[in-house]
Each structure stands twice: as C-alpha cells, then as structure tokens.
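Engineer: need the 3D shape of this:
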Amino acid sequence: MFERYAIYVTPQGEFAARGAAWLGWDVQAGCAVDHPQIEGLDVASLTQAPRKYGLHGTIKPPFFLADGMSVDALQQAVAAVAADLPPLHLDGLEVRALAGFVALTPVGDQTALARMAALVVTQLDEFRAPPCAQELARRRKLPLSAAQEQHLEKWGYPYVMDQFRFHITLTGKVTDAARLRAPVAAHFDPVLPRPFDVTSLTLVGQDSAGMFHEIHRYPLSGGN
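Structural biologist: Numbers count the residues shown, from 1 in each chain. The predicted model follows:
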C-alpha cells in the first residue's frame, strides 16, 4: 500500500530514460539511476527536490485516499476516465527558466491539456482526503492569489483549473535558473519529442521513503 497517490503524464522511450538519469530516479521501474556527468553542473544537488517524483507532468496532484476508498476502486476510476479522454497532440516541449527553477513546458496551444487536467481533477476528487491543517499551512507559506486560495480550499491544491500550468520539473529552487537553461537544454534537446503526444495517464503511488512509483499506465482511448 502506498501512502499517497497522483495522476501524472509520464514520458516514455529515450526521453523517459534521459529524464530518469537526470533526476536520479526511474518512476516506471521504481529504482535509482546514475546521474549524467555534465561539466560545471552538480546534477545530484540540482535535482534533489524533484527526484522523488520522477520525470512527470502533474495532472492530479498527490493526495491521500479518502476514508472508505480503496486503491482498486481508484484504479477502476482512472481507467474509466482515461477511456473517455482522447489523446492530445502538442507541438513539443522546451526547456525554460521559470520562477526559481528549470522545467520543460509545452509549446503551442495548451487549451485541450488544461481541459483534460480539470476533468481528471474533478472526476477523481471523491478519492482525495481533505488536506490536514499542516498541509494547508505549508501551501500558504507562499503567497496565494484569491483564485489559488479558493482552489486550495475546494480541491486541496492551489494550482489547478484556471491556475493549472503543465510543466515537467527538472530542478529544485535555484538562484540562477536563466544560466542553467542552456546546459539543461543541451542535455534534453536531442530526445525531446516534436510533437509531444499525450496518449496515456499514469497512476503513481508514493512509498514510505517518499519516492513515487508507477502503478499503472492507462491509454487515452476516447474517440477511438
């Protein structure tokens, strides 16, 4: 039994392998991976914070199971949601320096992706236990807008619905994200998919050591 669960988009193939090495954790295999040696970069230190999550884009953020809910029921529900959703096709991904960290973000129109994320958050929310007071306090350490505060209260996470911004985190908080963008891009550019097709959702679980593991990948088969 895992402690928390989440719904991710997790890459596959060479992109996934290179990302797993970069972070030092393979979420699909559930094991540590050696970091690449990149001159001038302490990859292990840069990736310490996001390592436990593996290479992923969050669709439904990590949550504890609500009382009375089972993992089997969650799996059946994720399968049903995925079966109703069509695959998405984005122009690609690019390495960007965001507010204090480096991440991969989609290129082009993201409307369909945001719509899919909102549906997943909504349709699976009965499985989410309400956040405890400590979790709410932790989220509120960062300034939240009025909309983000409302989402935190209703959905247990501030950055959903209209505040959702899909990204694949590659570093923890850094002071020189702009400088890091070029060497990180050099590592990832050879394997970045163009276009970037989202063809499945991945249910993941967090173990007692805090590391996330793939439980099952569900194809998006709506419209087929």
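
Engineer: give me the residues contacting the helix-or-strand element of the chain with minimal mean pLDDT.
Structural biologist: Sorting the helices and strands of the chain by mean pLDDT, DSSP states H and E puts helix 133-139 at the bottom, at a mean of 90. If you take C-beta atoms under 8 Å, 6 or more residues apart in numbering as the criterion, helix 133-139 is touched by 131, 152, 156, 157, 158. For every residue, glycine as well, the C-beta is placed using N, CA and C.

Engineer: who does the host helix or strand of residue 95 pair with, and is each partner parallel or antiparallel?
Structural biologist: Per DSSP states H and E: residue 95 is located in strand 92-97. With DSSP bridges as the test, strand 92-97 is paired with strand 102-107 (antiparallel).

Engineer: list the buried residues of the strand it pairs with.
Structural biologist: Using 16 or more other C-beta atoms under 10 Å as the test for burial, strand 102-107 gives 102, 103, 104, 106, 107.

Engineer: measure stretch 39-46 end to end?
Structural biologist: End-to-end span of stretch 39-46 (C-alpha to C-alpha, to the nearest Å): 13 Å.

Engineer: just the mean pLDDT for it, thanks.
Structural biologist: Stretch 39-46 shows a mean pLDDT of 95.

Engineer: what sits against the closest residue to residue 20 other than its chain neighbours?
Structural biologist: Nearest non-adjacent residue to residue 20, counting by C-beta to C-beta, 6 or more residues apart in numbering: residue 26, 4.0 Å away. Residue 26 makes contacts with 20, 32, 33, 54, as judged by C-beta under 8 Å, 6+ apart.

Engineer: let's see it at 7 Å
Structural biologist: Listed by C-beta atoms under 7 Å, 6 or more residues apart in numbering, the contact set of residue 26 reads 20, 33, 54.

Engineer: hang on, the second one packs against residue 21?
Structural biologist: Yes. Judged on C-beta atoms under 7 Å, residue 33 makes contact with residue 21 at a distance of 5.0 Å.

Engineer: give me the three-state assignment for residue 165.
Structural biologist: On the three-state scheme (DSSP: H, G, I helix; E, B strand; the rest coil), residue 165 is labelled coil.

Engineer: so what's the nearest residue to residue 145 once chain neighbours are set aside up against?
Structural biologist: Spatial nearest neighbour of residue 145, excluding adjacent residues (C-beta to C-beta, 6+ apart): residue 163 at 7.7 Å. Contacts for residue 163 (C-beta under 7 Å, 6+ apart) come out as 147, 148, 151.
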